[in-house]
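1. return a 3D structure for these sequence lines:
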Amino acid sequence: MTQQQNVPAFERVKLARHPDRPYTLDYFERIFEDFIELKGDRRFADDPAMICGFATFHQLPVAVVGQQKGRDTKQRRYRNFGMPKPEGYRKALRLMQLAAKFNRPILTFIDTPGAYPGIDAEERGQAEAIARNLLEMTNLEVPVIVTVIGEGGSGGALAIGIGDVVLMFENAIYSVISPEGCAAILWKDVGQSIRAADELKLTAKDLKRFGIVDVIVAEPLGGAHVCMDEAAKILDESLLRCLIESLDVSPKMRKAARYIKMRELGV
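-> I've put the predicted structure just below:
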């Protein structure tokens with residue numbers, strides 16, 4: 001499938017946030033088999049905004065983790081609009097450490113406007129939890145494949161975004177700040193969001209050019225929400241290809257390359 005060219009940046013932002021766009025669990029249901037969810041960080045609580053578990057991918061045991069938004073008001077409140085708290089990131093780390101112990105590849109799915117900024121999250125060490133994940137993910141010796149499926153917001157996204165290969169749907173976005181937030185800070189005018197989206201270079205095409213993402217995953221015409229099954233099939237093929245390539249690399253080389261890749265972000 002060919003990618004859709006010449007779509008303005010802010011139109012990509014709206015597609016990434018489309019209420020019918022596939023979320024993490026939609027892909028889990030369509031791509032993986034025998035999914036078993038892991039809950040809790042063994043320190044404070046479970047965080048429904050972060051989904052973690054073990055599954056089978058083309059007969060290969062894997063660990064999967066991703067942020068989950070909600071479709072209706074009840075689910076959005078339950079999932080905290082896809083904004084994880086410290087316990088969510090610590091749960092993700094717990095899963096990844098288990099995966100490393102049992103030599104299972106890790107597949108992560110990014111879809112969050114950002115980490116939850118509430119005072120309770122700050123009190124429980126939000127920044128430390130994110131920083132810890134960045135450190136530990138660089139040291140994992142098992143394959144780590146990252147996919148930005150919707151919104152990739154700041155450190156809240158990056159905390160599960162350190163991988164051997166980073167895939168990104170063509171209508172997803174990945175940025176240090178939202179266009180609205182950027183416009184409010186730079187120009188004191190949220191109405192400048194369209195301009196901010198252009199300036200932030202948050203599209204898959206821009207980020208691939210900068211070397212921040214490696215693979216752009218095409219979407220069905222009109223966006224992934226038009227046909228979830230087709231979007232999942234396209235992603236399945238890309239994930240399998242990238243995972244096979246990563247498995248061919250030695251653990252030592254894989255770990256070294258991932259560290260270099262992280263250090264070069266933004267250079």
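
2. show residues contacting stretch 204-215.
-> 12, 148, 165-172, 174, 201, 216, 238, 242, 264-266 (CB atoms under 8 Å, 6 or more residues apart in numbering). Using the backbone N, CA and C atoms, a C-beta is placed for each residue, glycine as well.

3. what is the mean pLDDT for that stretch?
-> Stretch 204-215 carries an average pLDDT of 93.

4. please apply the same query to stretch 241-255.
-> 92.

5. before we move on, back to that, the contacts of stretch 204-215 in helices, which ones?
-> Counting by DSSP state H, the part of the contacts of stretch 204-215 found in helices is Arg12, Ser238, Cys242.

6. pretty sure the second one sits against Met168.
-> The one in question is Ser238. No - judged on CB atoms under 8 Å, Ser238 makes no contact with Met168 at a distance of 10.2 Å.

7. rewinding a little: a markdown table for the ones in helices among the contacts of stretch 204-215, including distance to Glu123 and neighbour count?
-> Formatted as a markdown table, the ones in helices among the contacts of stretch 204-215 follow (distance: CB to CB, whole Å; neighbours: other CB atoms under 10 Å):
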| residue | distance to Glu123 | neighbour count |
| --- | --- | --- |
| Arg12 | 35 | 23 |
| Ser238 | 40 | 19 |
| Cys242 | 38 | 22 |
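
8. which of the residues you listed lies closest to Asp189?
-> Nearest to Asp189, judged by CB to CB, of these is Arg12 at 21.1 Å.

9. got a list of what the closest one touches?
-> Glu170, Asn171, Ala172, Ile173, Ala197, Leu202, Thr203, Ala204.

10. tell me the contacts of the second one?
-> This points to Asn171. Gln4, Val7, Arg12, Leu15, Ala16, Ala204, Glu219, Gly223, Ala224.

11. no further questions, thank you.
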